[in-house]
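In: need the 3D shape of this:
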Amino acid sequence: MLKDLFQKKRKYATVPSERTVRTGGTEEGERPKREIPEGLMNKCSKCGTIHFTKELEKSLMVCSSCGHHMRLNARDRIALTVDEGRFFEYDANMISEDPLEFPGYTKKLEQQKANSGLSEAVVTGEGTIGGYPVVLAVMSFDFFSGSMGSVVGEKVTRAIETAMQKKYPLIIFSTSGGARMQEGIISLMQMAKTSAALAKFHEQGGLYISVFTDPTFGGVSASFAMLGDFILAEPGASAGFAGRIVIEQTIRQKLPDNFQTAEFNMKHGQLDMVVHRKDMRSTLTKLLDFHTVKGDVSHGE
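Out: The predicted model follows:
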């Protein structure tokens, strides 16, 4: 068919073969090469162990050698979290524009969409976890480093308001490098907007579970990420306001090696639990079960 002429070619990574062509005891020419499809293997960014991607996916993208929790795209995390992967998305067509006409911003937005497969750094919607209906907001570091601009703030705020209206528990998985500089003060305003929405949600008795994933910094950590009734984190997830280098240069002191990790924050009272990815769904289900009144229509029964 005509469309077959324009099919995109698969990319391959070339790996040298261990066999060489020898003549009279000497090597002749280049060694034969074998081609391995790109994406077949994945390297742990912490310990350097090479994994087959399919095996890594079975372990939920957690390194079997060192336990490092690799970053997940928002849609992959949603699929792992909600019952049977069923999810009704909110505001899917809401996208960022260029309010300050920042040089190159529009082009970068298009590049981020193409690279991540997302329209923004957060995906919001509703589904069920352990049979309990919830409103979810899941951030993705692979879109503009999870930075919070006007659309991220608006989508998170609308998710909070929907949870308030439906009287559903709210769960937010955060990951971010901070506020989006290309939107200036508009991005910083989202800190106050999301925090104010959560204050109203809290006044009405809503349950909010915040989950830190690696990394969570800047305006996100200084606003909605730290306002949960329960604050969980994946093992090794780094979280804080400013980064290690900035703090060390400011206080002129060397910080501990594990500074700002989930375990460090847990020890210093900043978190309620550090939860392995394989246990996250069951942990969320237990929290939802504990805080849900059986037979309450507002919780989906």
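In: identify each buried residue in stretch 84-96, please.
Out: Within stretch 84-96, the residues that count as buried by 16 or more other C-beta atoms under 10 Å are 87, 90-91, 94, 96. C-beta: built from backbone N, CA, C; applies to glycine.
In: now render these as TSV, adding pLDDT, secondary structure and distance to residue 67.
Out: Converted to TSV, these look like this (pLDDT from 0 to 100; DSSP: H, G, I helix; E, B strand; the rest coil; distance: C-beta to C-beta, whole Å):
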residue	pLDDT	secondary structure	distance to residue 67
87	97	strand	28
90	98	strand	34
91	97	coil	35
94	96	coil	36
96	94	coil	35
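In: what is the nearest of these to residue 47?
Out: Of all the buried residues of stretch 84-96, residue 47 sits closest to residue 87, with 32.7 Å by C-beta to C-beta.
In: pretty sure the closest one sits against residue 136.
Out: Yes. In this structure, residue 87 is within contact of residue 136 by C-beta atoms under 8 Å, at 7.4 Å.
In: name the residues contacting each of those two.
Out: Counting by C-beta atoms under 8 Å, 6 or more residues apart in numbering, the residues touching both residue 87 and residue 136 are 78, 125-127.
In: circling back to that earlier point, and the two most separated of the buried residues of stretch 84-96?
Out: 87 and 96 (22.0 Å).
In: if we ignore the residues flanking it in sequence, what's nearest residue 210?
Out: Leaving aside its sequence neighbours, residue 210 sits nearest to residue 228 (C-beta to C-beta, 6 or more residues apart in numbering; 2.9 Å).
In: pull the number of nearby residues for the one you found.
Out: Other residues lying near residue 228 total 21 when counted by other C-beta atoms under 10 Å.
In: repeat that for residue 184.
Out: 14.
In: roughly how far does it sit from residue 90?
Out: Distance from residue 184 to residue 90, counting by C-beta to C-beta, to the nearest Å: 26 Å.
In: doesn't residue 232 fall inside a strand?
Out: Yes. Under DSSP: H, G, I helix; E, B strand; the rest coil, residue 232 sits within a strand.
In: these two touch, right, it and residue 212?
Out: Yes. Contact criterion C-beta under 8 Å: residue 232 and residue 212 qualify, at 7.1 Å.
In: between the two, which is the more surrounded one?
Out: Just comparing residue 232 and residue 212: by other C-beta under 10 Å the higher neighbour count belongs to residue 212, 28 against 24.
In: that's a strand at that one, yeah?
Out: Yes. Assessed with three-state DSSP, residue 212 lies in a strand.
In: can you name the residues that contact the residue lying closest to it once chain neighbours are set aside?
Out: Sequence neighbours aside, residue 233 is the residue nearest to residue 212 in space, at 3.9 Å (criterion: C-beta to C-beta, 6+ apart). Going by C-beta under 8 Å, 6+ apart, residue 233 touches 211-213, 239, 262, 265-266, 271, 273-275.
In: low pLDDT regions in the stretch 151-300 of the chain?
Out: Within the stretch 151-300 of the chain, the segments meeting pLDDT under 70 span 293-300.
In: what about the helices in it?
Out: Under the criterion DSSP state H, counting those that start in this stretch, the stretch 151-300 of the chain carries helices at the ranges 184-203, 218-221, 244-251, 262-267, 277-290.
In: of those helices, which approaches residue 171 most closely?
Out: helix 277-290 (6.6 Å).
In: which strands and helices lie in contact with that closest one?
Out: Helices and strands touching helix 277-290, by 3 or more C-beta pairs under 8 Å, 6 or more residues apart in numbering; DSSP states H and E, are helix 74-81, strand 122-129, strand 132-139, strand 208-216, strand 230-233.
In: ok, and the closest non-adjacent residue to residue 285?
Out: Using C-beta to C-beta, 6+ apart, the nearest residue to residue 285 is residue 130, at 3.1 Å.
In: what of residue 100?
Out: The shortest distance from residue 100 to any non-neighbouring residue, by C-beta to C-beta, 6+ apart, is to residue 184 (5.5 Å).
In: these two touch, right, residue 243 and residue 216?
Out: No. Contact criterion C-beta under 8 Å: residue 243 and residue 216 do not qualify, at 11.5 Å.
In: the two: which is more packed in?
Out: residue 216 (29 against 15).
In: wouldn't the more buried one be in contact with residue 232 here?
Out: No. At 11.7 Å, residue 216 does not count as touching residue 232 under the criterion of C-beta under 8 Å.
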